[in-house]
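K.L.:
Let me see the structure of the following:
(chains A, B, C and D)
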There are 2 protein chains.
Amino acid sequence: MKPATLKDIAEHLGISVTTVSKALKDYPDVSKKTKALVKELAQTLNYKPNAFAVNLRMETSNTIGLIIPEIVHHFFSSVIKGIISQAEKKGYLVIILQSNESYELEKKQIDLLMSKRVDGILISLANGTADFKHLNDVIEQGKPLVMFDKIAKLVNCSKVIIDDRKAAYNATQHLIDTGCKRIAHFRGPLLPQNSIDRFLGYKKALEDNGMSYDPSLVYIFDNMTFEVGEMFAQKILREHPDVDGIFVNTDLVAIGAITEFNRNGVKIPEDISIVGFSNWFMSSAITPSLTTIDQPGFEMGKMAFKQLFKELKAKKKKKPIVPKIIELETSLVKRDSTK
Amino acid sequence: MKPATLKDIAEHLGISVTTVSKALKDYPDVSKKTKALVKELAQTLNYKPNAFAVNLRMETSNTIGLIIPEIVHHFFSSVIKGIISQAEKKGYLVIILQSNESYELEKKQIDLLMSKRVDGILISLANGTADFKHLNDVIEQGKPLVMFDKIAKLVNCSKVIIDDRKAAYNATQHLIDTGCKRIAHFRGPLLPQNSIDRFLGYKKALEDNGMSYDPSLVYIFDNMTFEVGEMFAQKILREHPDVDGIFVNTDLVAIGAITEFNRNGVKIPEDISIVGFSNWFMSSAITPSLTTIDQPGFEMGKMAFKQLFKELKAKKKKKPIVPKIIELETSLVKRDSTK
DNA sequence: CTGAAAGCGCTTACAG
DNA sequence: CTGAAAGCGCTTACAG
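P.N.:
This is a model prediction of the structure:
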């Protein structure tokens, strides 16, 4: 059986489609009696407006697109949760796409979302994205776009971020304050802005404290995995036995390193102190528990949607969209991996 | 500037909308010359069919809905990834909703997806779901529905599952084979089918081996967290110091328990052996590494979408949908938490 | 207070 | 090979 339409209701009641439509939406110029009749019949017929028709007519679908580099990742899945929960409150649905850290895929997905005519787009960039035309196209076509976490400074849209540089500075400063003299940095990939900023924060802290910056102490790797942490911990022991502190780009890698150090009888924090980044829930669980920077994923998702929602509303009112940078607070969580 | 429409192209070229539409879709009854002209102009105007109009006309949107109890969860986010990756291959988009393990929310979300007229629905049930009317309604309305992981046996739709009972049986048997005499079970919540089945597998293994089943050794809890694992490990030490093996419903809880046992100087596996469930990537990382049941999340998501896709195709061809149960293989991964 | 009519942008059966 | 016409189901400016 096909779903009921306005026409069905109109015919049943012997009135016009126009009146039925208005009655259901409580237009003031429909009599109470008619409204009551229409609403009752709509109820019994289980009438639901055909979303496809409404979309076409209204040129909007109350659906947004979300592109994220990797779903299976505690931080990102927290962000997704924040976005979805906030979107649901405002009556928006979220289509999720995963770029797999690939610029090519990301570009295609932007195209796909545009052709599906989502109302707006939320994105965290792939590590490989260095060209931003696909994003500028979105903005040019007047479609609200909000970036979060992995952003491009050169794209003129709203962004929800943390101050990676400051957070990294604080993390490194904490290592220095607790007596570390030779501090390495597990940096991660080269391109993404937050990777760059965390590195710069690390470097600045060293300089401000009169410690020399040694490029050979900065370790670069593409995959942020537990195994990478193990591997680079070994590398540190081999290449730089004098290192007594490490600032690691992300908790998962830091935990891999801790596991490897534990295995090799390296004492944490006595021999080597470690600070991570993100405050993944496992960080408080391992031994020793990991000092880290708390990075509010759920909150970031929530704020990203909130900002997008504001822009969606502005657009509806034909008001100009004013890009905004929203910076969320981070904090250093001191645990047992530092003195 | 508004996006180009068929009409724009038709007017530019002085031909009809019909012909433009056919040309773009390579209908055989349009001349090569016309096709070439149309396609070229479409290209330069950056023509993209208006998805809203196509949806309305075709009564389909190539979009499916996914309802999942909790996104921030390694197993579920792997499933999501499997679903999305497969959907993308087939040209489908996925709207994701999170039920927060709430039956009420789940019901509302089903309603929402139905009113948005998604082509099909993928769902893993909330722990609280005991009434299935909302799901049967979906089926009655002829909308393809596939359940995965947390299913309801009573709903007549396709399901992608593992044999939880068998897997749990094997896990318990392994504890018995390695010499455990008094085996506890961290069961998790009461309602979900997989929780029930894992419990039944545990019980059956005990019985088949002539070991008495002791209900006081079965621990029930609603939240599957690391902390719950720590708490119940303590409880075991207090209430049942004679326990020498535990089969835990899920790795995260097992890892919490291991951490607590380590803290208390309980030797694993010498004093207590532990088997988990799911093969979370941290299971191989902790010390001792965790023996567990490998539960293929990504694969499950992939298969769930594949089955839904089959039903979507069947529906298009007006063929009847025949519900299918797809059972994925699990395996016991032996590590250091058992002898 | 009610309704006829136009239109959103597409697809396709049908006529020529 | 081409096109006029109907129709998907809704919304809303306009007339009465």
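K.L.:
Chain neighbours aside, what residue packs nearest to residue A:284?
P.N.:
residue A:335 (6.6 Å; CB to CB, 6 or more residues apart in numbering or on different chains). Backbone N, C-alpha and C define where each C-beta goes, glycine included.
K.L.:
Would you list the phi and psi of the one you found?
P.N.:
The phi/psi pair for residue A:335 (degrees, to the nearest 10) reads phi -130, psi -150.
K.L.:
thought it was touching residue A:283?
P.N.:
Yes - assessed by CB atoms under 8 Å, residue A:335 is found in contact with residue A:283 at 7.2 Å.
K.L.:
Quick one: residues contacting the residue nearest to residue A:284.
P.N.:
Residues near residue A:335 by CB atoms under 8 Å, 6 or more residues apart in numbering or on different chains: A:283, A:284, A:288, A:289, A:290, A:291, A:292.
K.L.:
Looking at the residues you listed, which is nearest residue A:175?
P.N.:
Of all these, residue A:291 has the smallest distance to residue A:175: 8.9 Å, by CB to CB.
K.L.:
Just list whatever residues bridge to that closest one.
P.N.:
Counting by DSSP bridges, residue A:291 is bridged to residue A:275.
K.L.:
could you list every residue that touches it?
P.N.:
Taking CB under 8 Å, 6+ apart, we find residue A:291 in contact with A:174, A:273, A:274, A:275, A:276, A:332, A:333, A:334, A:335, A:336, A:337, A:338.
K.L.:
most neighbours, which of those residues?
P.N.:
Most neighbours among the contacts of residue A:291, by other CB atoms under 10 Å in any protein chain shown: residue A:275, with 31 neighbours.
K.L.:
quick one: that residue and chain B, what's the gap?
P.N.:
19 Å (CB to the nearest CB, to the nearest Å).
K.L.:
Surely that residue touches residue A:175?
P.N.:
Yes - with contact defined as CB under 8 Å, residue A:275 counts as touching residue A:175 (6.0 Å).
K.L.:
Let me know the pLDDT of residue A:223.
P.N.:
According to the prediction, residue A:223 has pLDDT 88.
K.L.:
I should have written residue A:316 there, sorry.
P.N.:
89.
K.L.:
Tally up the residues packed near the nearest residue in space to it that is not next to it in sequence, please.
P.N.:
Nearest-residue entry for residue A:316: residue A:60, 7.9 Å, with adjacent residues in sequence omitted and distances by CB to CB, 6+ apart. For residue A:60, the count of nearby residues is 16 (other CB under 10 Å).
K.L.:
cool, and residue A:234?
P.N.:
When neighbours are counted by other CB under 10 Å, residue A:234 comes out with 15.
K.L.:
That one: what's it in contact with?
P.N.:
A:260, A:264.
K.L.:
related to what we said a few turns ago, so what's in contact with residue A:275 and residue A:175 at the same time?
P.N.:
Contacts common to residue A:275 and residue A:175, judged by CB under 8 Å, 6+ apart, are A:245, A:247, A:338.
K.L.:
which residues touch stretch A:165-177?
P.N.:
Taking CB under 8 Å, 6+ apart as the rule, stretch A:165-177 contacts A:183, A:185, A:197-202, A:204-206, A:209, A:211, A:245, A:247, A:273, A:275, A:277, A:291-293, A:295, A:330, A:332, A:334, A:338.
K.L.:
Give me the three-state assignment for residue A:184.
P.N.:
Following DSSP: H, G, I helix; E, B strand; the rest coil, we place residue A:184 in the strand state.
K.L.:
roughly how far apart are it and residue A:167?
P.N.:
18 Å (CB to CB, to the nearest Å).
K.L.:
just checking, residue A:293 is part of a strand?
P.N.:
Yes - the assignment for residue A:293 by three-state DSSP puts it in a strand.
K.L.:
any idea where the strands of chain A begin and end?
P.N.:
A:63-68, A:93-98, A:120-123, A:145-148, A:158-162, A:183-188, A:218-220, A:245-248, A:273-275, A:292-294, A:325-328, A:331-333 (DSSP state E).
K.L.:
surely residue A:164 meets residue A:202?
P.N.:
No - Residue A:164 lies out of contact with residue A:202 (CB under 8 Å); the separation is 10.4 Å.
K.L.:
what about the one residue in the stretch 201-339 of chain A that gets nearest to DNA strand D, neighbour count?
P.N.:
Proximity of the stretch 201-339 of chain A to DNA strand D (CB to the nearest atom of the strand) peaks at residue A:316, 11.0 Å away. Residue A:316: 11 surrounding residues under other CB under 10 Å.
K.L.:
interface residues of the stretch 151-300 of chain A facing DNA strand C?
P.N.:
For the stretch 151-300 of chain A, no residues are found near DNA strand C under the criterion CB under 7 Å from any atom of the strand.
K.L.:
quick one, helices of the stretch 151-300 of chain A?
P.N.:
A:164-177, A:193-208, A:226-239, A:251-263, A:297-316 (DSSP state H, counting those that start in this stretch).
K.L.:
Of those, which is nearest residue A:129?
P.N.:
Judged by CB to CB, the one of those that comes nearest to residue A:129 is helix A:193-208, at 10.1 Å.
K.L.:
mind giving me the domain split of chain A?
P.N.:
According to automatic domain parsing, chain A comprises the domains A:6-49, A:58-161+A:298-330, A:164-295.
K.L.:
Just checking the shortest one against DNA strand C, any contact.
P.N.:
The one in question is domain A:6-49. Yes - counting by CB under 7 Å from any atom of the strand, DNA strand C is contacted by domain A:6-49 at A:14-19, A:22, A:28-34.
K.L.:
Sitting in helices, which of those do you find?
P.N.:
In helices, defined here by DSSP state H, the members of these are A:17, A:18, A:19, A:22, A:32, A:33, A:34.
K.L.:
Quick one: buried ones out of the residues you listed?
P.N.:
By neighbour count, with 16 or more other CB atoms under 10 Å in any protein chain shown, those hold A:19, A:22 as buried.
K.L.:
and the stretch 51-200 of chain A, which residues reach chain B?
P.N.:
Residues of the stretch 51-200 of chain A lying close to chain B (CB under 8 Å from any CB of the partner chain) are A:51-53, A:55-56, A:59, A:61, A:63, A:71-74, A:77-78, A:80-81, A:84-85, A:88, A:93-98, A:112, A:114-117, A:141.
K.L.:
now, which of those lie close to DNA strand D?
P.N.:
Among these, the residues within reach of DNA strand D (CB under 7 Å from any atom of the strand) are A:52, A:53, A:56.
K.L.:
how about the contacts of residue A:335 in TSV, adding pLDDT and distance to residue A:263?
P.N.:
What follows is the contacts of residue A:335, written out as TSV (pLDDT from 0 to 100; distance: CB to CB, whole Å):
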residue	pLDDT	distance to residue A:263
A:283	93	19
A:284	89	21
A:288	93	14
A:289	93	18
A:290	97	16
A:291	98	20
A:292	98	21
